[in-house]
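# Return a 3D structure for these sequence lines:
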Amino acid sequence: MEIDREYLAMFEDLLFVPEALDQSALDNEIMRLEYEVPDGISEVYLTIEGRAGDQWEPRTEGTLRLYVSDGSETSIDIATWRLP
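Here you go, the predicted structure:
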């Protein structure tokens, strides 16, 4: 899984549940998290938790990209709004 680091910068105390097996940065623009899904499992739930950080903008956008070992992939555009 990859997610834009600019999007993640708006969060503090960021927590991914379950925890990734491996985590790395690509070109300082993208965070890559690697997970292993057991054979036979067709659904996986991932929770991303955090609180608003100092860089929180009224509207922040990012892209979550999912890559599967069989070569398939999908991109999900995400946007978060800050409400007063």
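
# Tell me which stretches of this structure form helices.
5-8 (DSSP state H).

# Isn't residue 76 up against residue 64?
Yes - applying Cβ atoms under 8 Å, one finds residue 76 in contact with residue 64, separated by 4.5 Å. From N, CA and C alone the C-beta is placed, and that goes for glycine too.

# Please name the nearest non-neighbouring residue to residue 50.
residue 11 (3.3 Å; Cβ to Cβ, 6 or more residues apart in numbering).

# Please apply the same query to residue 1.
Using Cβ to Cβ, 6+ apart, the nearest residue to residue 1 is residue 33, at 4.8 Å.

# just for the chain, where's the confidence low?
Where the chain drops to pLDDT under 70, the residues are 83-84.

# what about the strands in it?
2-4, 11-17, 22-26, 30-34, 47-52, 59-67, 73-81 (DSSP state E).

# before we move on, the earlier item: now do the contacts for the residue nearest to residue 1.
1, 2, 3, 16, 20, 22, 23 (Cβ atoms under 8 Å, 6 or more residues apart in numbering).

# will you turn those residues into TSV that also has distance to residue 72 and neighbour count?
Formatted as TSV, these follow (distance: Cβ to Cβ, whole Å; neighbours: other Cβ atoms under 10 Å):
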residue	distance to residue 72	neighbour count
1	13	14
2	14	19
3	18	20
16	22	17
20	19	15
22	20	9
23	22	11
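
# Looking at those residues, which one is closest to residue 38?
residue 20 (15.5 Å; Cβ to Cβ).

# who's in contact with that closest one?
By Cβ under 8 Å, 6+ apart, residue 20 lies in contact with 1, 33, 34, 35.

# measure it to residue 68 for me?
Distance, residue 20 to residue 68, by Cβ to Cβ, to the nearest Å: 15 Å.

# same thing with residue 15?
Residue 15 is 24 Å from residue 68, by Cβ to Cβ.
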